[in-house]
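Asks: kindly generate the corresponding structure for this input.
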Amino acid sequence: MLSEDLFQRLTVGATFSRTLNIFTKRFDIFLLISLLVYVPLVAMSVTVFGYIGSSLHTLMDTMGLSNRYLQQSNYYSNNESVLTDDTYHINDNNDQASDLDPAAFQDFATQLFSIAGQLFVEMLLFLIFAVVAEVAMIYAVGQLYVNRDPRFSECLKKGFSKWCTLFGASMLVLLGLQFGNLILLSILVTFSHASITLYFLLAFVVYVAWFVFLIYVFVPLVILSPSIVIENLGPIDGIKRAWDLAQSNRCYIFCTVFCFGLIYNLLILIINGIVVSVAGKEATFSAWGVLVSMLPAIIYLPLVCILKTIVYLNIRVQREGMNRGVLIDNLDGMITGEAMVVDAQEKTYEDKPSKFTPVSINVSKGDIV
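Replies: Numbering: from 1, shown residues only. Sure, this is the predicted structure:
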């Protein structure tokens, strides 16, 4: 259990230190939850990189580029003289018949559809377990904050119970961003008949403004998941709550997440550089190369969930004077809320009239003939 006073104001550096401290206290449960996301993520990455590596040769065969490349290479090695423009036209005319190979094109299309179906299933599993794991880790951090011992089964149960809520909030945010993209596209199409200089200047200004707006919107989304999980809110209320908490803490949220992401990406570049230097560039597209390059993700996933939760809790400590009792009420409110839903469903079932209602019939002797 954590012996320090957790309900204090934290700086960016202290937030990183608190994140590592909580992770090391129960790294077993965090890594176990992280594996739920890591396995489909690695499978999806292996599928994508493997397809990129294997399809290049198939695509070259489909377009007839492999034979053409070999013919031109042999020609250049046997003839060192400078070629004229007429020679290029002759070679182009001779190669037009081999531009497309029907058999190779059919193999390429079959491989493409097969990979697309496999990638869809892997991506679906990844999305489901990513949301479940995020909720489970946030709940585990909350339990550690109040000196409770989180259990894997309990955290996983919370993850599945809040999956639809968190996924719905993500879809609302995504739809809002897509609507903004449509507005951006409509502005560019409206001024498409302007002069080239004016159009490029307008496009530059619009894209810069849109980029700044995305950063402004992204900052509250960092604490969206903890807001929904800890306070047991719905999608719309969770978005409003995260937006309200981030109003006076945007710099703190942005700096924390930016520094953490920068450190992680530098680590990925170093690992990729080591893989390339040891086994060559081709290893980047191999299964083991992808596995090695993504090893930091199994630690990054729990760390980023812990970090977001600590940032959220730290903001509530600063703004609302949050203490252990308040957090316990929030966490127990999740259990109470779920129990109330179950009780309401059972009560509705019990109050519902039966299809076959027993009816008493009184018949006197005089009514019988």
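
Asks: can we go C-alpha only for contacts and neighbour counts from here?
Replies: Will do.

Asks: surely residue 221 meets residue 242?
Replies: Yes. Look at residue 221 against residue 242 with Cα atoms under 8 Å: they come within range, at 6.8 Å.

Asks: what are the contacting residues of stretch 9-20?
Replies: The contact list for stretch 9-20 (Cα atoms under 8 Å, 6 or more residues apart in numbering) reads 252, 255, 256, 303, 306, 307, 310, 311, 314, 317, 318.

Asks: try stretch 255-263
Replies: Residues outside stretch 255-263 that contact it (Cα under 8 Å, 6+ apart): 12, 15.

Asks: 10 Å instead?
Replies: 11-13, 15-16, 219, 222, 250, 252, 254, 264, 267-268, 300, 303-304, 307-308, 311 (Cα atoms under 10 Å, 6 or more residues apart in numbering).

Asks: got the buried residues for stretch 318-335?
Replies: Residues of stretch 318-335 classed as buried: 322, 323, 327, 328, 330, 331, 334 (neighbour count, 16 or more other Cα atoms under 10 Å).

Asks: make a markdown table from the residues you listed and add secondary structure, distance to residue 133 and pLDDT to it.
Replies: Compiled in a markdown table, the buried residues of stretch 318-335 are given as follows (DSSP: H, G, I helix; E, B strand; the rest coil; distance: Cα to Cα, whole Å; pLDDT from 0 to 100):
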| residue | secondary structure | distance to residue 133 | pLDDT |
| --- | --- | --- | --- |
| 322 | coil | 25 | 90 |
| 323 | coil | 26 | 90 |
| 327 | helix | 21 | 92 |
| 328 | helix | 21 | 92 |
| 330 | helix | 20 | 91 |
| 331 | helix | 17 | 88 |
| 334 | helix | 17 | 64 |
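
Asks: one step back: shared neighbours of residue 221 and residue 242, which are they?
Replies: Residues touching both residue 221 and residue 242 (Cα under 10 Å, 6+ apart): residue 227.

Asks: helices of the stretch 51-200 of the chain, start to end?
Replies: Assigned by DSSP state H, counting those that start in this stretch, the stretch 51-200 of the chain shows helices spanning 65-78, 85-95, 102-145, 152-161, 163-190, 196-221.

Asks: got the contact list for residue 206?
Replies: Residue 206 neighbours (Cα under 10 Å, 6+ apart): 184, 185, 187, 188, 200, 212.

Asks: can I get the helices of the stretch 51-200 of the chain in JSON lines with distance to residue 229?
Replies: JSON lines is the format used below for the helices of the stretch 51-200 of the chain (distance: least, Cα to Cα, whole Å):
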{"stretch": "helix 65-78", "distance to residue 229": "54"}
{"stretch": "helix 85-95", "distance to residue 229": "62"}
{"stretch": "helix 102-145", "distance to residue 229": "7"}
{"stretch": "helix 152-161", "distance to residue 229": "9"}
{"stretch": "helix 163-190", "distance to residue 229": "8"}
{"stretch": "helix 196-221", "distance to residue 229": "13"}
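
Asks: those helices: which one's closest to residue 30?
Replies: Closest to residue 30 of the helices of the stretch 51-200 of the chain, according to Cα to Cα: helix 102-145, at 6.6 Å.

Asks: okay, now the unreliable bits of the protein?
Replies: 1-4, 49-114, 282-290, 334-369 (pLDDT under 70).

Asks: just to check, residue 229 is in contact with residue 132?
Replies: No. Residue 229 is beyond contact range of residue 132, at 11.1 Å (criterion: Cα atoms under 10 Å).
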